[in-house]
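[1] the following block contains a protein sequence and its predicted model.
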Amino acid sequence: AQAALFQSQKMETVGQLTGGIAHDFNNLLTIIVNNLDLLTRSVTGARETRLIESAQHAAERGAQLTQQLLAFSRRQPLQSALHDPVRLIEGFETVLRRACGEAVNLQLSLPSRISMINVDGAQFEAALLNLVVNARDAMPDGGDLTIAIGETNLTEDRAAIRSIPAGPYVVVTVKDTGMGMTPDVASRVFEPFFTTKEVGKGTGLGLSQVYGFITQSGGHIEVDSTLGQGTTITMLLPAHGEGQETGDEEQSDTVRPAR
Ligand code: ADP
């Protein structure tokens with residue numbers, strides 16, 4: 001529990017630091033992008049146009065990175081709404097399968113009925129995609145990737161170690177049979193810019209973005225990994241009563257009170 005507490009305080013501090021930098025950087029990038037836009041209107045030469053386009057491309061890439069940092073540091077507002085997590089995943093299945101490639105065997109283990117979660121749907125999809133891409137990268141020669149959804153009721157003590165309130169949670173697990181991680185790597189994966197991938201391949205921002213999204217949504221994320229065997233990422237998100245076929249909450253008596 002002590003280690004978990006220390007970890008979350010550290011992440012809080014790192015979040016404040018990177019959030020401030022990302023915010024200022026974003027403002028600077030906005031100036032660069034706007035000025036380049038103005039330039040393209042007066043410049044006619046082919047070479048100059050190419051140079052400006054290349055600078056625009058770099059500025060856009062920079063903006064993407066600062067967006068990821070802002071997502072991690074909780075400075076990006078979330079558009080949260082009640083979603084059925086099973087439907088979110090089913091609606092995103094094609095993209096996930098494409099990201100897996102040929103070698104990885106993706107299995108979805110989805111229940112027919114599940115509680116709703118109050119999340120930003122686009123961020124939920126982005127988080128899943130990040131996890132799937134990491135799993136694929138961990139299985140260059142192929143393997144099994146399972147995305148499963150379940151539910152759990154966290155007791156006071158099981159919730160306290162995770163620094164979240166007790167109560168019902170939807171559990172999303174992403175499990176691969178890839179290369180796994182050493183305990184040292186596993187303890188650092190949520191830190192922004194931590195990557196073991198070669199330069200140009202990894203930014204080290206994927207899992208920080210997922211971490212920011214999950215904690216900002218009132219949830220918890222943990223990693224369980226064994227070197228040479230595989231990795232399981234578990235995400236807990238507060239459950240908000242049963243999913244509705246009609247979406248009409250008021251007429252139903254099966255809906256548990258929203259927390
Ligand atoms: P990136 O993918 O750009 O490196 P991430 O924040 O997504 O950034 O991941 C950080 C690091 O965590 C990765 O470089 C890798 O070492 C490790 N990692 C993440 N997911 C997995 C996984 N499924 N299996 C093994 N290692 C992983």
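    Looks like it arrived, so ask away. Please read these numbers as outputs of a predicted model, since none were measured by experiment. Residues are numbered from 1 along each chain as shown.
[2] show me which residues of the stretch 151-259 of the chain sit near the ligand.
    176, 178-181, 185, 189, 194-197, 202-208, 231 (CB under 6 Å from any ligand atom). For every residue, glycine as well, the C-beta is placed using N, CA and C.
[3] how about a cut-off of 8 Å?
    174, 176, 178-181, 185-186, 188-190, 192, 194-197, 201-210, 223, 225, 230-231, 233 (CB under 8 Å from any ligand atom).
[4] now those: which count as buried?
    Buried subset of these (neighbour count, 16 or more other CB atoms under 10 Å): 174, 176, 178-181, 186, 189-190, 192, 195, 202-210, 225, 230-231, 233.
[5] touching the ligand at all, the helix or strand harbouring Ser54?
    Using DSSP states H and E, Ser54 sits in helix 46-72. No: Helix 46-72 lies out of reach of the ligand by CB under 8 Å from any ligand atom, never closer than 9.4 Å.
[6] in the stretch 51-200 of the chain, which spans are strands?
    For the stretch 51-200 of the chain, the strands defined by DSSP state E, counting those that start in this stretch cover 80-83, 104-109, 115-120, 143-154, 167-176.
[7] okay, those strands in JSON lines with mean pLDDT next?
    Listed next are the strands of the stretch 51-200 of the chain as JSON lines, based on pLDDT from 0 to 100:
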{"stretch": "strand 80-83", "mean pLDDT": "96"}
{"stretch": "strand 104-109", "mean pLDDT": "97"}
{"stretch": "strand 115-120", "mean pLDDT": "97"}
{"stretch": "strand 143-154", "mean pLDDT": "97"}
{"stretch": "strand 167-176", "mean pLDDT": "98"}
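[8] of all those strands, which gets the most neighbours per residue?
    Ranked by mean neighbour count under mean count of other CB atoms under 10 Å, the strands of the stretch 51-200 of the chain are led by strand 115-120, which reaches a mean of 23.
[9] what pLDDT does Lys201 get?
    For Lys201, the pLDDT comes out at 81.
[10] sec struct for it, please.
    Here Lys201 is recorded as coil under DSSP: H, G, I helix; E, B strand; the rest coil.
[11] check whether Thr231 sits in a helix, strand or coil.
    Local secondary structure at Thr231 is given as strand here, using three-state DSSP.
[12] give the contact list for it.
    Ala135, Ala138, Lys175, Asp176, Gly178, Gly180, Met181, Val223, Asp224, Ser225 (CB atoms under 8 Å, 6 or more residues apart in numbering).
[13] let me know the closest of these to the ligand.
    Taking CB to the nearest ligand atom as the measure, the ligand sits nearest to Ala138 out of these, at 3.3 Å.
[14] count of residues packed around that closest one?
    19 (other CB atoms under 10 Å).
[15] correct me, but it touches Val174?
    No: using CB atoms under 8 Å as the test, Ala138 is too far from Val174 to be in contact (11.1 Å).
[16] could I get the buried residue list for the helix holding Ser54?
    Buried residues in helix 46-72 (16+ other CB under 10 Å): Ile52, Gln56, Ala59, Gly62, Ala63, Leu65, Thr66, Gln68, Leu69, Leu70, Ala71, Phe72.
[17] tell me how far it lies from the chain's centre.
    Distance of helix 46-72 from its chain centroid, counting by CA atoms, centre = their mean, to the nearest Å, is 22 Å.
[18] now for it, which elements pack on it?
    helix 2-42, helix 206-216 (3 or more CB pairs under 8 Å, 6 or more residues apart in numbering; DSSP states H and E).
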